[in-house]
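Participant: need a 3D model of the following:
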Amino acid sequence: MIKKSLLSILCVCLMAIGVNAQQLWDVQLNANPVTAGGTATAGVYWTGTEFWMAQWNSAVIFTADAAGAPTGQFTIAGITGARSFTTDGTSVFVGAATGQIFEVDPVTKTLTSTINTAVPVVRYVTYDPNLNSGAGGFWAGDFNTDITAVDMTGTTLSTIAAATHGLMGIYGMSWDNSMSTGPHLWAYHQGGSQSVLAQLTMTGAQTGITKDVNDQFGATGIAGGAFVTTSYVPGTTSLIIMNQGANLVSYVVQDPPMNEAGITILDLQPYEAVGANNVLIRVENNGLNTITAIDVKYDDGSNVYTDNVTGLNIPSWNTGDITHATPANVVAAGANNFKVWIELSGDMNQNNDSIERSVFGLTTVPTKTIVAEEKTGTWCQWCPRGAVGMSSIESDPEYIGIAVHNGANNPMTLASYDGAIGTYVPGGYPGGGIDRIIGLDPSQFQATGPLAKSINSPAVVNSATATATQRSATNWEINVESEVEFFGAVPGSYRMSLVIVQDDLIGGASTGWAQVNAYGAGGAGVLIDPVSNFNWSTAGSPVAATAFGGHDHVGRALSSNNILGDAGSLPSPMTAGTHSHTFATVNTNAFPGVTDAPFVLAKSHAIIMVVNQANGQIMNAKKVSISNTVGIEDVEGLVSFKSYPNPANSELNIEFALETAMNLTFEVVDVTGKTVATSAANYGSGTNTTNFNTTNWAAGMYSVNIIADGKFASSKKVIVQH
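Facilitator: Down below sits the predicted model:
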């Protein structure tokens with residue numbers, strides 16, 4: 001299977017409007033909606049002067065200029081969760097996943113009327129001037145349902161059966177009369193790559209004209225709203241779509257040419273192994289004629305290599321993968337500059353026929369471990385979806401999750417991390433990013449993992465050691481060393497970064513630990529954690545952390561308090577070979593929320609990342625356990641130690657022998673790190689005992705700490721049963 005290259009994934013570019021937009025599927029706009037409205041932006045509308053972009057999970061509607069740059073926001077009293085917009089030329093009509101269609105005055109931005117329908121859920125709605133014998137009406141529906149026509153009062157006129165259109169997950173729809181064979185309906189659905197446009201006849205049959213939006217842009221969004229207008233680029237019909245979490249796109253729609261092809265993907269990445277590498281492209285047929293033959297060429301700066309490919313069968317609106325007969329030779333020294341293009345007889349549009357790429361050679365392409373950063377907060381009612389998304393990747397050893405908490409009243413907020421994450425993972429909450437180059441909803445973490453892993457890295461974290469020493473009742477010192485290896489003298493400046501994460505944070509007396517939950521009402525669908533099996537859709541709001549087992553993957557410390565890592569931790573310019581770095585000692589008493597949620601060794605890990613200083617991209621990473629450097633046997637002067645009975649019921653006895661008299665403190669802590677009992681005394685040489693009454697202790701596992709001359713050690717676990 002062809003892999004989507006790094007440059008395809010990073011393609012969020014604004015294209016010149018109107019200059020060369022003369023063919024079906026020419027791109028007039030490709031902007032990042034997350035900058036303006038976050039990953040939950042779904043509905044889209046062009047007023048003639050600005051975009052409206054609505055969040056499906058709030059009442060907020062963001063505005064943007066013609067280039068997609070944010071300009072503001074507003075709300076319409078009485079409407080929340082707008083999914084789609086349409087217009088009859090006077091009013092704007094809104095679908096908000098209810099049984100109503102809302103009429104809005106576009107000038108005052110106020111609700112003027114509510115149209116009740118028999119459609120259970122109006123997720124999408126589009127105005128059709130031909131319905132009801134020319135009096136006008138709407139086509140409306142939801143995901144996998146029939147498409148229902150209603151008049152301007154909401155009375156049902158007709159239906160297109162779901163079995164007829166055959167589409168899954170329709171989110172957006174728009175009526176269009178730009179083609180000679182029209183009018184048509186454009187359905188924007190979440191089948192296939194989850195972001196596909198399909199043209200339907202007015203009786204619901206698919207015409208065969210489709211567009212895979214994710215495939216074109218190397219994106220990982222999901223279909224949102226759709227809107228057709230002739231006022232975006234004068235003289236052109238534009239199909240504007242919201243690819244949720246990825247792209248705000250405007251396409252030209254008009255009669256397709258007889259012959260038109262373009263390259264959508266080049267699988268020749270910025271980092272490739274030295275030697276022969278396949279030149280693999282994905283060709284899209286945007287013409288009416290089936291592509292049976294095409295010339296594929298590439299230039300490596302020295303020669304042009306031509307492959308006259310025959311025997312193809314790429315129908316209209318489909319794609320085909322082609323591997324050039326001559327592999328490209330990648331050398332180790334410097335950049336390898338390639339230009340790849342296609343030549344199709346009679347091609348009506350050459351603007352999409354070529355891709356250029358600079359490639360740097362590596363002696364080895366290392367295995368990739370990817371990092372998912374989840375933007376979350378206990379205040380965020382939709383963030384349980386992010387927690388479930390993080391749980392979905394826990395079993396994958398090549399996938400690391402970090403929960404970056406936000407909110408002034410959230411005790412887990414790490415200011416240095418939270419304050420910078422928005423630059424690299426933009427948008428609202430919940431939000432997600434993989435390696436800081438793929439922005440997506442956290443619910444897509446698992447599905448997008450294989451794509452992210454296919455992006456080559458020039459480096460690997462070979463090894464890392466993390467040790468912890470307890471220095472006081474409230475503080476541990478964590479020391480981390482790591483070695484990375486670069487497999488080529490690649491350009492750029494890189495750093496090593498360390499994050500300490502902890503699972504099962506429950507908290508205590510202070511507020512902010514309970515999770516606000518919008519799923520509890522049941523109307524937002526079923527949401528069950530795949531690890532804990534906690535059912536958010538049947539829980540209340542807020543949900544106490546004890547109910548779901550505590551907050552996981554919580555980022556509690558960031559080296560140098562810098563999201564880009566430690567300055568000077570790697571050489572610049574980069575040289576091939578191994579490079580070591582020792583991070584500054586981490587003191588756990590500086591963790592956010594540590595008073596209510598102490599550091600627990602067994603629940604914590606160190607994550608070491610190689611970061612591109614220029615753009616924050618995480619090139620590779622490693623996650624390791626943190627080991628205790630001092631044990632009971634390491635306490636000087638302690639000859640023997642044992643605890644009994646184990647399990648304990650009403651009493652726990654500690655028996656130990658000392659070489660010489662000394663002051664000792666015994667501290668018993670539970671699994672959350674909280675101290676439940678202490679005992680301190682001066683003990684003489686020889687055998688000694690101390691005991692604890694466990695009658696009122698909760699059943700469970702405990703650890704015994706010994707403090708001798710300021711040094712801490714942890715014993716084997718003891719269990720209390722009643």
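
Participant: wait, what's in contact with residue 125?
Facilitator: Contacts for residue 125 (C-beta atoms under 8 Å, 6 or more residues apart in numbering) come out as 84, 86, 93-95, 101, 138-140, 173. (Glycine included, C-beta is placed from N, CA and C.)

Participant: which pair of those residues spans the longest distance?
Facilitator: The most widely separated members of the contacts of residue 125, counting by C-beta to C-beta, are 94 and 139 (14.5 Å).

Participant: pull out the buried positions in stretch 198-208.
Facilitator: Residues of stretch 198-208 classed as buried by neighbour count (16 or more other C-beta atoms under 10 Å): 198-202, 204, 207.

Participant: I meant to write stretch 181-189 there.
Facilitator: Under 16+ other C-beta under 10 Å, the buried positions of stretch 181-189 are 182, 184-189.

Participant: stretch 282-292 now?
Facilitator: Buried residues in stretch 282-292 (16+ other C-beta under 10 Å): 282-289, 291.

Participant: residue contacts, residue 493?
Facilitator: 572-574, 612-614.

Participant: among those, which one sits closest to residue 329?
Facilitator: Of the contacts of residue 493, the one sitting nearest to residue 329 (C-beta to C-beta) turns out to be residue 574, at 22.9 Å.

Participant: do I have it right that that closest one meets residue 492?
Facilitator: Yes. Using C-beta atoms under 8 Å, residue 574 makes contact with residue 492 at a distance of 6.8 Å.

Participant: which of these two has more neighbours?
Facilitator: residue 574 (18 against 15; other C-beta atoms under 10 Å).

Participant: could the contacts of residue 493 go into CSV alongside distance to residue 319 and secondary structure?
Facilitator: Compiled in CSV, those are given as follows (distance: C-beta to C-beta, whole Å; DSSP: H, G, I helix; E, B strand; the rest coil):
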residue, distance to residue 319, secondary structure
572, 41, coil
573, 39, coil
574, 37, coil
612, 31, strand
613, 37, coil
614, 33, coil
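
Participant: highest neighbour count among the contacts of residue 125?
Facilitator: That'd be residue 84 among the contacts of residue 125, by other C-beta under 10 Å, with 32 neighbours.

Participant: nearest residue to it in space, please, no chain neighbours.
Facilitator: In space, and not counting its chain neighbours, residue 84 is closest to residue 95: 4.1 Å by C-beta to C-beta, 6 or more residues apart in numbering.

Participant: what sits against residue 356?
Facilitator: Per C-beta under 8 Å, 6+ apart, neighbours of residue 356: 337-340.

Participant: now list the buried members of those residues.
Facilitator: Buried among the contacts of residue 356 by 16+ other C-beta under 10 Å: 338, 340.

Participant: now render the contacts of residue 356 as JSON lines, adding pLDDT, secondary structure and distance to residue 321.
Facilitator: Output for those, formatted as JSON lines (pLDDT from 0 to 100; DSSP: H, G, I helix; E, B strand; the rest coil; distance: C-beta to C-beta, whole Å):
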{"residue": "337", "pLDDT": "96", "secondary structure": "strand", "distance to residue 321": "23"}
{"residue": "338", "pLDDT": "97", "secondary structure": "strand", "distance to residue 321": "18"}
{"residue": "339", "pLDDT": "97", "secondary structure": "strand", "distance to residue 321": "19"}
{"residue": "340", "pLDDT": "98", "secondary structure": "strand", "distance to residue 321": "13"}
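
Participant: and which of the contacts of residue 356 is nearest to residue 61?
Facilitator: Looking across the contacts of residue 356 and measuring by C-beta to C-beta, the closest to residue 61 is residue 340, at 41.6 Å.

Participant: helix, strand or coil for the closest residue to that closest one other than its chain neighbours?
Facilitator: Nearest residue to residue 340, sequence neighbours excluded (C-beta to C-beta, 6+ apart): residue 298, at 4.4 Å. Assigned with DSSP: H, G, I helix; E, B strand; the rest coil, residue 298 falls in the strand class.

Participant: touching, residue 298 and residue 304? I think so.
Facilitator: Yes. If you go by C-beta under 8 Å, residue 298 and residue 304 touch, sitting 7.3 Å apart.

Participant: which of these two has more residues huddled nearby?
Facilitator: residue 298 (24 against 11).

Participant: give the contact list for the more buried one.
Facilitator: By C-beta under 8 Å, 6+ apart, the neighbours of residue 298 are 279, 304-305, 324, 328, 338-341.

Participant: report the two of those separated the most.
Facilitator: 328 and 341 (13.7 Å).

Participant: which of the two has more neighbours?
Facilitator: The neighbour comparison of residue 328 against residue 341 (other C-beta under 10 Å) goes to residue 328, with 20 against 17.

Participant: any idea how far that one lies from residue 275?
Facilitator: 10 Å (C-beta to C-beta, to the nearest Å).

Participant: look up phi and psi at the residue lying closest to residue 323 once chain neighbours are set aside.
Facilitator: Among residues not flanking residue 323 along the chain, residue 280 sits closest, at 4.7 Å (C-beta to C-beta, 6+ apart). Per-residue torsions, residue 280: phi -110, psi 130 (degrees, to the nearest 10).

Participant: hang on, the earlier thing: I'd like to know which of the contacts of residue 493 is nearest to residue 459.
Facilitator: Distances from residue 459 to the contacts of residue 493, taken by C-beta to C-beta, are shortest for residue 574, at 8.5 Å.

Participant: so who does that closest one touch?
Facilitator: Residue 574 neighbours (C-beta under 8 Å, 6+ apart): 486, 489-494.

Participant: and residue 130, how many neighbours does it have?
Facilitator: There are 13 residues near residue 130, going by other C-beta under 10 Å.

Participant: can you check residue 518 too?
Facilitator: Residue 518: 18 neighbours (other C-beta under 10 Å).

Participant: tell me the secondary structure at the nearest residue to it once chain neighbours are set aside.
Facilitator: Excluding the flanking residues, the one nearest residue 518 by C-beta to C-beta, 6+ apart is residue 381, at 3.7 Å. Using three-state DSSP, the secondary structure recorded for residue 381 is coil.

Participant: state the distance from residue 381 to residue 40.
Facilitator: Taken as C-beta to C-beta, the span from residue 381 to residue 40 is 11 Å.

Participant: does residue 421 lie in a helix or a strand, and which?
Facilitator: helix 415-424 (DSSP states H and E).

Participant: who does the helix or strand that that helix is followed by touch, helix- and strand-wise?
Facilitator: Once the chain leaves helix 415-424, the next helix or strand it forms, by DSSP H and E, is strand 431-434. Judged by 3 or more C-beta pairs under 8 Å, 6 or more residues apart in numbering; DSSP states H and E, strand 431-434 is in contact with strand 370-376, helix 384-391, strand 438-440, helix 445-453.

Participant: can I get the CA coordinates of the helix holding residue 421 in CSV?
Facilitator: C-alpha atoms of helix 415-424 as CSV (Å, rounded to 0.1, in the frame of the first residue of the first chain):
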residue,chain,number,x,y,z
ALA,A,415,2.0,25.5,32.8
SER,A,416,5.1,25.2,30.6
TYR,A,417,3.6,22.4,28.5
ASP,A,418,0.1,23.7,28.4
GLY,A,419,1.2,27.2,27.4
ALA,A,420,3.2,26.0,24.4
ILE,A,421,1.2,23.0,23.1
GLY,A,422,-1.2,25.1,21.2
THR,A,423,1.5,26.3,18.8
TYR,A,424,2.2,22.8,17.6
